[in-house]
Every structure is written in C-alpha cells, then in structure tokens.
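Trainee: Let's see this in three dimensions:
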Amino acid sequence: MENYYWAALGAAKGIGTARLLALVKAFGSAQNLYEAEEADILATGIVSEKSAAQFAECRKDNGDLPEKLREQCERLGISVVPVTGPEYPERLKQILRPPVVLFVKGTLPDCRYSIGMVGSRLADAYGTKVATAFGKALAAAGVVVVSGGAKGIDSASHAGALQGGGKTVAVLGCGVDVVYPHTNAKLFAAIAENGALVSEYPPGTQPERYHFPERNRIINGISQGVVLVQAAARSGALITAEFAMDEGREVFCVPGNIFTDKSAGPHKLIKAGARLVDSPNEILEELFPELSGSVHSNLFSGCSDAVPLRKCPEAHRKILDLLTQGPLTLEQIVNASGFSIGEASVMLLEMQMMGFVQMNPAQQYFCS
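Mentor: Purely as a prediction, here's the structure:
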C-alpha cells in the first residue's frame, strides 16, 4: 500500500520531488506524510507556508486517493514504482525533476544499457526504415530502446526493437491504460509483453499537449544517449535532443535528404556538435563498447536483390519495390502505388503467404 501513497503524493500540488523525499524521510513513510497535519508539515521547515497549504488542499479534495489508485491499478494490471524503489531507473533519479512515481504496464527492464530514439511523427519511408533498422540492431545487442510511443519514428523504433528480440520502453504522455494513438493498440500490447509502457500520469489520464514535453524529459532521463532520426527545424523531437545535449547525454543524428525539411533537425544538431552516425555499431562503440561487434547487420541490404531468385509475381513487384525503402502501412502503400485498398490488401496477403512480406506490431508491412 505504501507505493500507492507515493502515487498520491506525486499527484499532490505544491511540493517538488526533492522536498517530497526530504519530507518522507522526516515522517518515516509516504503514508505518514500523506496523513500528516499541515502544521506538522510546515514545522519541518522543508516547505513554505504556501506549499504546505497547497498540499493540504489537495489531500482534502482527494483523501481516499491512495485506495482509489490501488483499486484502479490492480484492476488494470499496472504497477507503481516510486522514486525510492529498486526498479526505478538509476539514471532517471539524476535529472532535475525526476517523477515521484512511474506507472508501469509490463515489466520495466534493467535500463543500464538504454538508448532513446526520437523523431518526426510524419516520418517518410527512409526515416521509418532507419528507425526500424537501428532499433532492431540495438535491441539485438542487448540495449533497451526507449521512445515515446507516437506515430512515425517512435513506432518504428519500438517495432524494430521487438523484431530484434530485445526490450523496449514506451514513455507515454497519458495513462498507460490509454491507447494513444489508437492505431498503436497492437504495438502497445507487444511492448507490454516485451518491456514496458511507462507514464508519470495516473491511469485514465488523457493525452494533453503539455504532457509531451514532460514525457520527453523522462525519455532523456532513462537513456544514456539519444538518436535523432528525422525532425523538422522546429519540433518536439529536436527539442528533446537539444535538451539531452544540455543534460550531458550523448546525441547521435542520422543524416538525411537535404531536399526535405525532415532532415533539418538532425543536420542542425550535427553542425552544433552532435555525432553523425550511419550505423548502429557506431552507437555501440561509443556508449557500450562491451556490446559492439555483437551485431553484424547490413543496413543497405533490402529484399530487392532476392526478388529475381524468389520469382515474385510481376504484378506484386511495385509494392515489393516500395517496401525495400522501409516498412509501410497499408495506407502509405495505397498512396504510393496507386492501387486501391482492396487490390493492395489482396496482393499483400498473397505476398505474406508466399513469404515475401511480413507485418510488424505497428501494422507496417516489411520485406521478409
């Protein structure tokens, strides 16, 4: 029950994590602090009169919150990891404002070897292919891939990690029981089975615009370094990477096409001193030398070279050629190929049955 008192403390207003830790130490437990009188809290000298009053007002309105959280989390299969808990990522404790608790669906992996991967929600085929390949190779080497569960680069990074048979963590800007975006339901279920969905927000919390910068600080906090795949010159992903540089994290940028604005963010940071990378092994050699060389993947190999040998039907070649550029959703395939949804769906099903194509947890098709 103590963890749910920690969760209730995290929901209270007026007191930051550092002072909460000091107060819990002074009162002996999170429960004792939550149930303490305002005068006793003020008497510690740890918080101001205004903060103590705000804190007391929150508890007055939510006196039974610990019990409500316990019932809700147990029903939904969500665990609560307080900042003092052994499962709480050690690196995350060192940031300026570590979350008081993490709500976790799945099993939070050991994040000593971890890398953040961020980028555009509007990723093109190149960005999707890069994120998937890097996520797959890094996870296969034993690195936990941390991202934000959003469309585009985030989803491709998570899907790649799952393809690599490794662990991945999705840090959400909503409750871990809320599927956002809705199209990621299958992906989130797979992540919970092979890693964890994580949030500082209680179950039921809906996504809000201001949640996402807060979520990004957790991605940075957990990770030893951050990879920026694609981002516009002004974007949340770029801000995340810039913040990571300010926090002393190693930032890696994948170069892109100079004729698209999605390359502007990575190129800007490369000019500012971030490291240009075109291979997952470069990241391993820099951050995790003991793991480098454990993955030998050729990012430039696609399935197109194998097509003549496998005698792919001519009518299906157009789709298969598109997939050599990287994983694509059915909608993206339809838009790029000119086929109708029905035509593309039938051909994709046939190619899956013939072993040419597979589908990842993000509902993207890719070459086998």
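Trainee: distance of Asp180 from Ile191?
Mentor: Not quite, residue 180 is Tyr, not Asp. 13 Å (CB to CB, to the nearest Å). Where C-beta positions appear, they are placed from N, C-alpha and C, glycine not excepted.
Trainee: again with Asp321
Mentor: 30 Å.
Trainee: likewise Gly85?
Mentor: For Gly85, the distance to Ile191 (CB to CB) stands at 21 Å.
Trainee: Who has more neighbours out of the two?
Mentor: With neighbours defined as other CB atoms under 10 Å, Gly85 and Ile191 compare such that Ile191 has more, 27 against 15.
Trainee: average pLDDT across the longest helix belonging to the chain?
Mentor: Ranked by residue count, the top helix of the chain under DSSP state H comes out as helix 125-140. Helix 125-140 carries an average pLDDT of 92.
Trainee: Any idea how far that helix is from the middle of the chain?
Mentor: Mean-position distance between helix 125-140 and its chain equals 14 Å (CA atoms, centre = their mean, to the nearest Å).
Trainee: Touching the helix or strand that it is followed by from outside, list them.
Mentor: Counting by DSSP states H and E, the next helix or strand C-terminal to helix 125-140 is strand 144-147. The contact list for strand 144-147, computed with CB atoms under 8 Å, 6 or more residues apart in numbering, reads 109-111, 113-118, 135, 138-139, 153-154, 157-158, 160-161, 166-171, 195, 219, 222-223.
Trainee: please redo it, this time with the cut-off set to 7 Å
Mentor: The contact list for strand 144-147, computed with CB atoms under 7 Å, 6 or more residues apart in numbering, reads 109, 111, 113-118, 135, 138-139, 154, 157-158, 161, 166-171, 219, 222-223.
Trainee: Narrow those to those in helices?
Mentor: Assignment to helices by DSSP H places the following of these there: 135, 138-139, 154, 157-158, 161, 219, 222.
Trainee: In the chain, where is pLDDT below threshold?
Mentor: The chain contains residues with pLDDT under 70 at 293-312, 368.
Trainee: Pick out the residue nearest the middle of it.
Mentor: Ser147 (2.1 Å; CA atoms, centre = their mean).
Trainee: who's it bridged to?
Mentor: Bridge pairing for Ser147 (DSSP bridges) gives the partners Ala170.
Trainee: can you tell me how far Ser114 sits from Asn194?
Mentor: Ser114 sits 14 Å away from Asn194, going by CB to CB.
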